[in-house]
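Peer 1: one predicted model, sequence on top.
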Amino acid sequence: MKKTILLSMIAAAGVSLAQAQTRPTTTSTAAADTSKRASSMMSAAGKAEPKPYASVITNKATTRKGMITTHRLEDKFFFEIADSILGRDILVVNRISKAGAEVRAASGYAGDQIGSSVVRFEKGPNNRIFMRKISYRTYGPDSTTAMYQSLSNSNIQAIAAAFNIAAFSPDKKGSVIDMTTFINSDNEIFNFSSASAKSRFRLGSQQSDRSYISGIRSFPMNVEIRTVKTYSLTAASSPFGGSAPSSGGGGATGSSTLELNTSMVILPKVPMKARYFDPRVGYFTVGYTDFDLNPQGVKEIQLIKRWRLEPKPADMAKYKRGELVEPAKPIVFYIDPATPKKWVPYLIAGVNDWKVAFEKAGFKNAIIAREAPTEKQDSTWSLDNAMHSAIVYKPSEISNASGPSISDPRSGEIIESHINWYHNVMKLVRDWYMIQTAAVDPRARKMQFSDELMGDLIRFVSSHEVGHTLGLRHNYGSSSTVPVEKLRDKGFLEKNGHTPSIMDYARFNYVAQPEDNISKTGLYPRIGDYDLWAIEWGYKLMPEAKTPQAEVPALNKITMEKLKNKRLWFGTETNPDDPRSQSEDLGDNAVVASTYGIKNLKVVAKNLPAWTRTANEDYTDLQGIYTQLTSQFNRYMGHVSKNIGGILETPKTVEQSGTVYERNPASKQKEAMKFLAEQLFTTPTWIIDQNILNNTGDDPLEMINKVQSPTLNRLVSNTTLAKLISAEAADGNAAYKITDFFTDMDAAVFSELKSNKEIDLYRRNLQKAYVEKMIGLIKPADKTPTSLTMTLQRTSTGSSLSAMQSDVASVVKGELKALNTSIKSAAIQASGVSKYHLEDLSDRIEQALNPKG
């Protein structure tokens, strides 16, 4: 089976702007002036005639020299592009700098990326400059080959804009063009990348009379453009996602004004030597289709995203000898000046924690965190400058943080990153920490954490997001390499932590029990063995290899040797079938780990009213933390249920022994079903503590339904059942078969049928839900199935057949018939509501098996 790798050429990053606005320039005025000037510049032959430089760029112009020299002359903005810049690739990244409430309501905040592209300026005929939009999706890196020229002929790059040359520079080595109209316009280069990007924020057409350029700044390696754009607002989003289309005022409900920032960053003339992606080590990638490598076909190439860390030329010999050297250009992250001061040291520590990882790659002091200089310290420094990476503070109610980056599509070189740190992420980590560790850590037993504890949690979030900006993806499989009982071993935890990777979603150690006396060192995630290995694999240079392809044999040999240590295993975040690769889980056995987790949840549940009590406040905190508690319980059920039909995936090269795919052993699936029967399908009444419900207003029936339904939906689905059938086809009697599954489910859900016990209200609801799920599998398919329905009919490794096209429907019908026989027999002896319930179920089954009319 071939997995789809989600590519991210340029990820979103954050920017904070605080600059004075200049006089507005309206698009309509600019367009009129440009038209007049263009007419006067055209000769009878129709060619644009450049004017003398001094008559275009007068002594009244404000000039900024840099990668592209920029000139402001009243309300006009000119680019003076040196010939040396022509033909160079320029990365363009557009972000929101300031947003109004209308955009924030659609999760649009300052720093959000709204578009990106690569452009190239070149001279065209008739004294014109063309701006081409460059795609590297189909690529032949070696320009010396005939294939390269053939590809170029077959993949001409689109001209996105054309500009008349207003004047040549005084030394005749550059061209001046008027950029005013283009920058002011609603284009996909210096604006939102597409209509769908605008629709996310309910933005329609641009209102030209209320849009203008507020400033352009030029730096040695980049140009920063600030614009104010006003858009009509479209109607509210449809239930299927997106927004109602807007054409002019159609469906509009007002307008919204945003300040946008466009960064134009020149890419290296000679791209960094790339490194090919290996699915055994988790890196983000850029990719292209290569026509050079395979003379009898094409090859999809994935390059890892990483920073350009190289020794200073004078230190290369030392580096080759294995001595630690400082990189010529270290990775530097600045802390946004808007960040609350008390959290700055913890954010800095989260960055600096990665120093030890880079030592494995041969570099010391490779990554550094600094406070951004103040205006008084350095008036030229700005977060606008795309060459500055930063952790950007966002005073937002969003409970999250993210670590995006932008990179060179030719090589994967990370150019810059703006980590988004939303203020309300502190609520998220507080809730997690309380629910997962309050049973063992007294510091977590209140709604207001100490600054020290919150600082530690912020440091963990900082380290995790920095890991992403270094190129690392989530390693959901890392925690599965740790034996569950080691998570209660204080000595082991002090040395190793509870997961080998901070890039896992392992959060906090919920397995540790009160009697284990685990310190905070054994509760927090930290940079571990996998992280050290991943940075070594991605960043250690191989000077002897002249090309990325030449590195592959040596890297493969090293990787095979390293992976003998199972703690270095990478479990992808994109596999829906492997029970080892899950978010929010711990340990090598979900049943045992979840059992310990539930023991701690019961302690927390009993104490929630006291631990969430705040003088003079209502029960909002109790409601919120109680919701987090039930969510955590659901996570445990999800961790265990993923074992049913589980398919283990271990990427390998042909030199390695063993198979890539294997089915989860039947014994583990039986163990999982037993756990679910005891902890979930036997009503978990401890969750519905009336002391809590009386103050939150939650309905006990609804709460039990919320914790049982997700697992029931996962188990009794064509996705899971089809995998059980496939496993039987592959493993025969050794497999956990679909019939075994239904035997266990019937015993768990309908145990009262054999014992003739009264069926209580919670169990009746569960039994109805179970029967309805089975009936849903044998209903005739909708003639026009929705995309959701079609999606649910396939899995990445399972059958693409619908339930009605496979043995799933046959087995389900057989199980319903057998169940109906048992229900009818039990109904004879039942009384009261139990009798009505069983008779109702029998009627439903018979109607499903023998539909009338």
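Peer 2: Noted; the coordinates are in hand. Residues are numbered from 1 along each chain as shown.
Peer 1: got the phi/psi numbers for residue 285?
Peer 2: Here is the backbone geometry of residue 285 (degrees, to the nearest 10): phi -140, psi 160.
Peer 1: state the pLDDT value of it.
Peer 2: Model confidence at residue 285, given as pLDDT, is 96.
Peer 1: and the nearest residue to it once chain neighbours are set aside, how many neighbours?
Peer 2: Leaving aside its sequence neighbours, residue 285 sits nearest to residue 302 (Cβ to Cβ, 6 or more residues apart in numbering; 4.2 Å). Where C-beta positions appear, they are placed from N, C-alpha and C, glycine not excepted. By the measure other Cβ atoms under 10 Å, the count of residues near residue 302 is 18.
Peer 1: next one: residue 756
Peer 2: Neighbour tally, residue 756, other Cβ under 10 Å: 12.
Peer 1: ok, it - contacts?
Peer 2: For residue 756, the contact set (Cβ atoms under 8 Å, 6 or more residues apart in numbering) comprises 826, 829, 830.
Peer 1: wait, doesn't residue 769 sit right on residue 709?
Peer 2: Yes: when contacts are counted by Cβ atoms under 8 Å, residue 769 is listed as touching residue 709 (6.6 Å).
Peer 1: what comes up buried for the host helix or strand of residue 162?
Peer 2: Using DSSP states H and E, residue 162 maps to strand 158-168. Buried residues in strand 158-168, counted by 16 or more other Cβ atoms under 10 Å: 160, 161, 163, 164, 165, 166, 167, 168.
Peer 1: please apply the same query to stretch 206-217.
Peer 2: Buried-residue list, stretch 206-217, by 16+ other Cβ under 10 Å: 206, 207, 208, 211, 212, 213, 214, 215, 216, 217.
Peer 1: one more: stretch 455-470?
Peer 2: Within stretch 455-470, the residues that count as buried by 16+ other Cβ under 10 Å are 455-470.
Peer 1: can I get that stretch as CSV, trimmed to CA atoms?
Peer 2: The C-alpha coordinates for stretch 455-470 follow below in CSV (Å, rounded to 0.1, in the frame of the first residue of the first chain):
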residue,chain,number,x,y,z
GLY,A,455,6.1,28.5,33.0
ASP,A,456,7.2,24.8,32.8
LEU,A,457,4.2,24.0,30.7
ILE,A,458,4.9,27.0,28.4
ARG,A,459,8.4,25.8,28.0
PHE,A,460,7.2,22.4,26.9
VAL,A,461,4.9,24.0,24.3
SER,A,462,7.7,26.2,23.1
SER,A,463,10.0,23.2,22.6
HIS,A,464,7.4,21.2,20.7
GLU,A,465,6.6,24.1,18.3
VAL,A,466,10.3,24.9,17.8
GLY,A,467,10.7,21.2,16.8
HIS,A,468,8.2,21.8,14.0
THR,A,469,10.1,24.8,12.8
LEU,A,470,13.3,22.7,12.6
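Peer 1: per-residue confidence for the nearest residue to residue 504 once chain neighbours are set aside?
Peer 2: Residue nearest to residue 504 in three dimensions, not counting chain neighbours: residue 478, with 4.2 Å by Cβ to Cβ, 6+ apart. Predicted confidence (pLDDT) for residue 478: 97.
Peer 1: in a strand, residue 686, correct?
Peer 2: No: counting by DSSP: H, G, I helix; E, B strand; the rest coil, residue 686 falls outside a strand, being helix.
Peer 1: the closest residue to it other than its chain neighbours: helix or strand, and which one exactly?
Peer 2: Among residues not flanking residue 686 along the chain, residue 602 sits closest, at 5.5 Å (Cβ to Cβ, 6+ apart). Here residue 602 sits within helix 590-611, counting by DSSP H and E.
Peer 1: chain center to that helix, what's the gap?
Peer 2: Here helix 590-611 is found 29 Å from its chain centre; the criterion is Cα atoms, centre = their mean, to the nearest Å.
Peer 1: CA atoms of it as CSV?
Peer 2: C-alpha atoms of helix 590-611 as CSV (Å, rounded to 0.1, in the frame of the first residue of the first chain):
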residue,chain,number,x,y,z
ALA,A,590,-3.2,0.9,25.6
VAL,A,591,-5.3,-1.5,27.7
VAL,A,592,-2.9,-1.3,30.7
ALA,A,593,-2.1,2.4,30.3
SER,A,594,-5.8,3.3,30.0
THR,A,595,-6.7,1.2,33.1
TYR,A,596,-4.2,3.3,35.1
GLY,A,597,-5.5,6.5,33.5
ILE,A,598,-9.0,5.7,34.5
LYS,A,599,-7.9,5.0,38.1
ASN,A,600,-6.5,8.5,38.2
LEU,A,601,-9.6,10.0,36.5
LYS,A,602,-11.8,8.6,39.3
VAL,A,603,-9.7,10.4,41.8
VAL,A,604,-10.0,13.6,39.9
ALA,A,605,-13.7,13.2,39.4
LYS,A,606,-14.3,12.9,43.2
ASN,A,607,-12.4,16.0,43.9
LEU,A,608,-13.5,18.2,40.9
PRO,A,609,-16.0,20.3,42.9
ALA,A,610,-13.3,21.2,45.5
TRP,A,611,-10.4,21.7,43.0
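Peer 1: so which elements touch whichever helix or strand comes after that helix?
Peer 2: Following helix 590-611 in sequence order, the next helix or strand is helix 620-641 (DSSP H and E). Identification of packing neighbours for helix 620-641 by 3 or more Cβ pairs under 8 Å, 6 or more residues apart in numbering; DSSP states H and E yields helix 425-437, helix 590-611, helix 666-676, helix 690-696, helix 700-715.
Peer 1: report the buried residues of helix 620-641.
Peer 2: Residues of helix 620-641 classed as buried by neighbour count (16+ other Cβ under 10 Å): 621-623, 625-630, 632-641.
Peer 1: tilt between that helix and helix 700-715?
Peer 2: 30 degrees (axes from the mean of the first three to the mean of the last three Cα atoms, to 10 degrees).
Peer 1: identify the residue spatially nearest to residue 675, adjacent ones excluded.
Peer 2: Distances taken as Cβ to Cβ, 6+ apart put residue 591 closest to residue 675, at 4.6 Å, once the chain neighbours are dropped.
Peer 1: state the pLDDT value of the one you found.
Peer 2: So residue 591 comes in at 98 (pLDDT).
Peer 1: next up, the contacts around it.
Peer 2: For residue 591, the contact set (Cβ under 8 Å, 6+ apart) comprises 640, 643, 671, 672, 675.
Peer 1: what about the closest residue in space to the second one that isn't next to it in sequence, distance to residue 591?
Peer 2: This means residue 643. Once flanking residues are discounted, residue 643 sits nearest to residue 672: 4.0 Å by Cβ to Cβ, 6+ apart. According to Cβ to Cβ, to the nearest Å, residue 672 and residue 591 sit 6 Å apart.
Peer 1: kind regards, and thank you for your time.
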